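*Asks:* let's see this in three dimensions:
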Amino acid sequence: SDILIIPRRVVPRLSDLKAEEVSDLFLSVQKVGQAIERAYNAEALTISLQDGTVAGQSVPHVHVHIMPRHRTDFGGDNDKIYPAIESAEGHLNDDFNARESPGLRIPSSEKPNGNSGLKIPSGEERNGNRGLKIPLDEERFPRTTEEMEREASWLAGFF
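*Replies:* Okay, the predicted model is just below:
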């Protein structure tokens, strides 16, 4: 799971934010990170901010990635997270523009959680991708606004 924290005011660079906006952004990163660790039984977090196009930022809006981590991620080779981040970042603008397109679905490897209808990874998948079959890029589809709202409601229980 890759969670994005985005300031309300649209600015391309971190240095464009006011001091209180930077404070709000990183206090949000801290609070959301704590909830994500509980939700996904994570041992750690990767927190990433690509500040500007030269740094790999694909949309001209400051955003911070938070990813739950386990020592077994990427077969224990934790440095493989960086190419994965770059790959995800490269498709972020496409995903954003396509998110309302009809026919978009969550990968079938995810299942409903209880009566909420929320599709979240199974327990094994939440525990650091141990045993998780990661779908090929062409098998992955951006989630709809409704799917993301259901996930946000589920995650709200961890705050």
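*Asks:* low-confidence ranges, the chain, go.
*Replies:* 1, 85, 87-135, 137 (pLDDT under 70).
*Asks:* could you rerun that using 50?
*Replies:* Of all residues in the chain, those with pLDDT under 50 make up the ranges 99-132.
*Asks:* can you pull out the strands in it?
*Replies:* 3-5, 44-48, 64-69, 111-113, 118-120 (DSSP state E).
*Asks:* residue 34 - how many residues pack around it?
*Replies:* Residue neighbour count, defined by other C-beta atoms under 10 Å, stands at 13 for residue 34. Heads up, the C-betas are built off the backbone N, CA and C, glycines and all.
*Asks:* again, but for residue 145
*Replies:* 9.
*Asks:* roughly how far apart are residue 65 and residue 27?
*Replies:* Distance of residue 65 to residue 27, given as C-beta to C-beta, to the nearest Å: 17 Å.
*Asks:* these two: which has the busier surroundings?
*Replies:* Legend: neighbour count by other C-beta under 10 Å for residue 65 and residue 27, higher for residue 65 (19 against 10).
*Asks:* hey, what's the more buried one bridged with?
*Replies:* Note on residue 65: beta-bridge partners residue 4, residue 48, judged by DSSP bridges.
*Asks:* I'd guessed it sits against residue 45; true?
*Replies:* No. With contact defined as C-beta atoms under 8 Å, residue 65 does not reach residue 45; the gap is 9.8 Å.
*Asks:* number of nearby residues for the closest residue to residue 10 other than its chain neighbours?
*Replies:* Closest residue to residue 10 apart from its sequence neighbours, by C-beta to C-beta, 6 or more residues apart in numbering: residue 61 at 5.0 Å. Using other C-beta under 10 Å, residue 61 has 17 other residues around it.
*Asks:* ok, residue 61 - contacts?
*Replies:* Residue 61 sits next to 6, 10, 11, 12 when contact means C-beta atoms under 8 Å, 6 or more residues apart in numbering.
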